[in-house]
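Enquirer: Provide a 3D model corresponding to the input given below.
(one chain, ligands or ions: 2)
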Amino acid sequence: MSLTPDFHSGINHGVAPVTYGQGDRPPRGDYGSARADYTCEQDWAAYTEAEHDLYRRLHERQSAQLPGLACEEFIAAVGELGAPDRIPRFDALSERLYRATRWEVVAVPGLIPEEAFFRLLANRRFPVTGWLRRPEEFDYVVEPDVFHDLFGHVPLLFNPVFADYMQAYGAGGLKASRLEACEYLARLYWYTVEFGLIATPAGLRAYGAGILSSAGELRYSVTSPQPRRIGFDLERMMRTRYKIDTYQAAYFVIDSFDQLFDATAPDFTPVYRRVAEGGELAPDSLLPGDRVY
Ligand code: PHE
Ligand code: FE
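Expert: Numbers count the residues shown, from 1 in each chain. Ligands and ions are numbered 1, 2, ... in the order given. All right, here's what the predicted structure looks like:
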């Protein structure tokens, strides 16, 4: 195992911490014990009773509002996380997940660099943050914590089509790095994996992890008259900026996970070129061609 210097402390072990947004937020999580691929041990025994209890309350609040707001595929799989009163053990969860879709979850100290993230996804390994938010962050936390990563992301990894989409996304990320198109691909992730809505016979439902793990945005995204809801359009999404610390001004709606997988299967090289030429759009913009819900 090769180790790279910890740039912040000067100590020659672990990996450099990663921060969110414009970098003025201090890093959260212990990067000193991470491997070169940014994975680390979960250290389950280190969680306190207070943390298990906070996880239990987060799980309870979120589970209660899933019916009518979350997609059926998510509701069907959320029980796979295990007993809702403890922070799950990643190794036991990985065993169940591997049997279902050949994915596993791996612990990471917190946010990791894009390239490391893409590489893990391309190998069907989903990175889950070890730390849990503080009690005062019960209602809102900007950085992803263990609750967001597990509750928000892992249930849909039990769905075969979505699971394959996530792997394809990782492979596509490694390619986007070479094409210097990571910003465009990040927007696709944001508007699908994190904040995606899906149209079902029963109405709009959430499948994005950022929504599903949010106390307030789950209901807001599906039912509020305020935000825009626009039909899936790959290049439109790649042009649309987003905010990381407020409810979204726009959500994009897919018809099915098959649509998502199929629409993202072609080579993105010409797509990135057109997106660069098309220029950026504000989060709340509306174009003549938009299919509005
Ligand atoms: N088709 C994309 C490419 O060629 C890869 C990709 C697939 C990206 C799925 C995102 C999601 O770059
Ligand atoms: Fe996330």
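
Enquirer: use CA for all of it now, contacts and neighbours both
Expert: OK.

Enquirer: and the gap between residue 242 and ligand 1?
Expert: 18 Å (CA to the nearest ligand atom, to the nearest Å).

Enquirer: That residue against residue 280, yeah?
Expert: No - contact criterion CA atoms under 8 Å: residue 242 and residue 280 do not qualify, at 10.6 Å.

Enquirer: and those two? which has more neighbours close in?
Expert: residue 242 (19 against 15; other CA atoms under 10 Å).

Enquirer: so who does the nearest residue to the more buried one once chain neighbours are set aside touch?
Expert: Of all residues not flanking residue 242 in the chain, residue 283 sits nearest, at 5.5 Å (CA to CA, 6 or more residues apart in numbering). Neighbouring residues of residue 283 by CA atoms under 8 Å, 6 or more residues apart in numbering: 240, 241, 242, 243, 248, 249, 250.

Enquirer: Now for the fourth one: which residues touch it?
Expert: Taking CA under 8 Å, 6+ apart as the contact definition, residue 243 lies against residue 283.

Enquirer: Helix, strand, or coil at it?
Expert: coil (DSSP: H, G, I helix; E, B strand; the rest coil).

Enquirer: Quick check: which ranges of the protein have low pLDDT?
Expert: Where the chain drops to pLDDT under 70, the residues are 1-13, 20-24.

Enquirer: Quick check: residues of the stretch 51-200 of the chain near ligand 1?
Expert: Counting by CA under 6 Å from any ligand atom, the stretch 51-200 of the chain comes close to ligand 1 at 165, 168, 169, 172.

Enquirer: can I get the residues you listed in JSON lines with distance to residue 200 and neighbour count?
Expert: Below are these laid out as JSON lines (distance: CA to CA, whole Å; neighbours: other CA atoms under 10 Å):
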{"residue": "165", "distance to residue 200": "19", "neighbour count": "22"}
{"residue": "168", "distance to residue 200": "24", "neighbour count": "19"}
{"residue": "169", "distance to residue 200": "24", "neighbour count": "25"}
{"residue": "172", "distance to residue 200": "28", "neighbour count": "21"}
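
Enquirer: of the residues you listed, closest to residue 145?
Expert: Set against residue 145, the nearest of these by CA to CA is residue 169 (21.4 Å).

Enquirer: isn't that closest one right up against residue 124?
Expert: No - Residue 169 is beyond contact range of residue 124, at 10.4 Å (criterion: CA under 8 Å).
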